[in-house]
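Q: Turn this into a model:
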Amino acid sequence: MSSTEQIQVRLNGKDRDITFGHTVQSLLEAIEINPLAVVVEVNREILNRDQYSDVGIHEGDTIEVVHFVGGG
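A: Below you'll find the predicted structure:
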């Protein structure tokens, strides 16, 4: 697969086409989400932040990005 080909993933409950070759880190950057402000789950496995740049995104993956919400 070339870097311009699209794959389909499920991101926060919605099907989405993304460019092949993303890691969790690069996907968060592409969708403009601060990786320090979220927890990411890929295929029901919660990732440590230090894994974001090592975990590749593949066709059919299910990704949940959970934002921290402060209150008071």
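
Q: got a list of what the residue nearest in space to the middle of the chain touches?
A: With the centre of the chain defined as its mean C-alpha position, the nearest residue by CA atoms, centre = their mean is residue 24, 4.3 Å away. Counting by CB atoms under 8 Å, 6 or more residues apart in numbering, residue 24 touches 40, 42, 47, 51, 52, 53, 55, 57, 63. Every C-beta, even on glycine, is put in place using the N, C-alpha and C of the backbone.

Q: Check residue 6 too.
A: Contacts for residue 6 (CB under 8 Å, 6+ apart) come out as 17, 18, 19, 20.

Q: Which two of these have the greatest separation?
A: 17 and 20 (10.1 Å; CB to CB).

Q: Name the residues contacting each of those two.
A: By the contact definition CB under 8 Å, 6+ apart, residue 17 and residue 20 are jointly contacted by 6, 7.

Q: If you count surrounding residues, which of these two has more?
A: residue 20 (15 against 9; other CB atoms under 10 Å).

Q: Quick check: that one touching residue 8?
A: No - counting by CB atoms under 8 Å, residue 20 stays clear of residue 8, with 10.5 Å between them.
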